[in-house]
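Trainee: any chance you could fold what I've pasted below:
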Amino acid sequence: MKILFSPSESKSAFNNDERLDKRSLVFLDLYEKRLEILNIYNEFIKTSSIDKISKLFGIKNLIDDKSLRQDVFTKGLIKAVLRYDGVAYKHLNYRDLSQNSQNYIDKNVVIFSNLFGPILAGDKIFEYKLKQGEKINGVNIEKFYNEHFSKSLDEFLQDNDILDLRAGYYEKFYQVKKEHTSFKFIKNGKIVSHHTKAYRGKILNQIAKDNINSKKELMDVNFDGLKLVEIKKIGLKNEVCFEIMC
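Mentor: Predicted coordinates:
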């Protein structure tokens, strides 16, 4: 089973001594395509005004210094699952998982990065800032990755059951073209963003611990703190709705 997952705006600053190359990321034959976006991003932060960079990052009152404009290809790397450290990733608690569970996540979780596009959780990436939905010099990033990476993703996912835990926005990067499962979370009858992010992480933690490899195994899991409400068939999607009980 493959799990589709969102990135987070919050990122860890930890690094190692490695630098980005073709072996750092999945889909080796598309590395040059990724470089098109990375080079555009790199040139933008090195040459643009601080106001334009602030808009791209979605951060006010940036200080224009050398670290802000560092060549991204000189930055150190860590696994994507460790680079992202927002709410979902904190509740995933990757570092405290067993080696087998970490390996499961590394190989089976596809994260849809706003900069790198679709990557595996075990792929290695550098620290970056990029506000969701921002264009770089007019380049629509999600459209770029949808156009150039969808065929490879189709092939990568074709023999697997799929659980889509992404926020809806990331469907712009890739739309699943086969039957798949998604989870919806409500509390007191309403969707609550913070709780949804937390439970995506908690669920991924439990799936990895249980080494879930099929839809059948997935549907047999009793997730802590969640009560099954209903299952809706929406096109190719089986939407499983859970009530958050705590």
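
Trainee: drop to CA atoms for contacts and neighbour counts, all remaining ones
Mentor: Noted.

Trainee: can you give me the helices for this protein?
Mentor: 31-47, 50-57, 80-83, 87-92, 99-108, 141-157, 193-210, 215-219 (DSSP state H).

Trainee: relative to Tyr170, which of those helices is closest?
Mentor: helix 141-157 (7.9 Å; CA to CA).

Trainee: right, and Leu165 touches Ser6 too?
Mentor: Yes: Leu165 is within contact range of Ser6, at 7.3 Å (criterion: CA atoms under 8 Å).

Trainee: name the residues contacting each of the two.
Mentor: Applying CA atoms under 8 Å, 6 or more residues apart in numbering, one finds that no residue jointly contacts Leu165 and Ser6.

Trainee: low-confidence stretches in this protein?
Mentor: Scanning the chain for pLDDT under 70 picks out nothing.

Trainee: hmm, 80 instead?
Mentor: Applying pLDDT under 80 to the chain flags the ranges 193-194, 246.

Trainee: ok, Lys232 to Thr74 distance?
Mentor: Distance of Lys232 to Thr74, given as CA to CA, to the nearest Å: 47 Å.

Trainee: can you check Glu134 too?
Mentor: Glu134 sits at a distance of 24 Å from Thr74 (criterion: CA to CA).

Trainee: looking at those two, which one has more neighbours?
Mentor: The neighbour count for Glu134 versus Thr74, taken as other CA atoms under 10 Å, is higher for Glu134 (17 against 12).

Trainee: list the contacts for the nearest residue to the more buried one once chain neighbours are set aside?
Mentor: Closest residue in space to Glu134, ignoring its immediate chain neighbours: Leu56 at 6.0 Å, by CA to CA, 6 or more residues apart in numbering. With contact taken as CA under 8 Å, 6+ apart, Leu56 is in contact with 129-131, 134-136.

Trainee: and the residues you listed, which are buried?
Mentor: The neighbour count (16 or more other CA atoms under 10 Å) marks 129-130, 134, 136 as buried among the contacts of Leu56.

Trainee: now distance to Leu226 too, for the residues you listed, in JSON lines please.
Mentor: Supplementary listing: these in JSON lines, determined by distance: CA to CA, whole Å:
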{"residue": "Lys129", "distance to Leu226": "33"}
{"residue": "Leu130", "distance to Leu226": "33"}
{"residue": "Glu134", "distance to Leu226": "35"}
{"residue": "Ile136", "distance to Leu226": "40"}
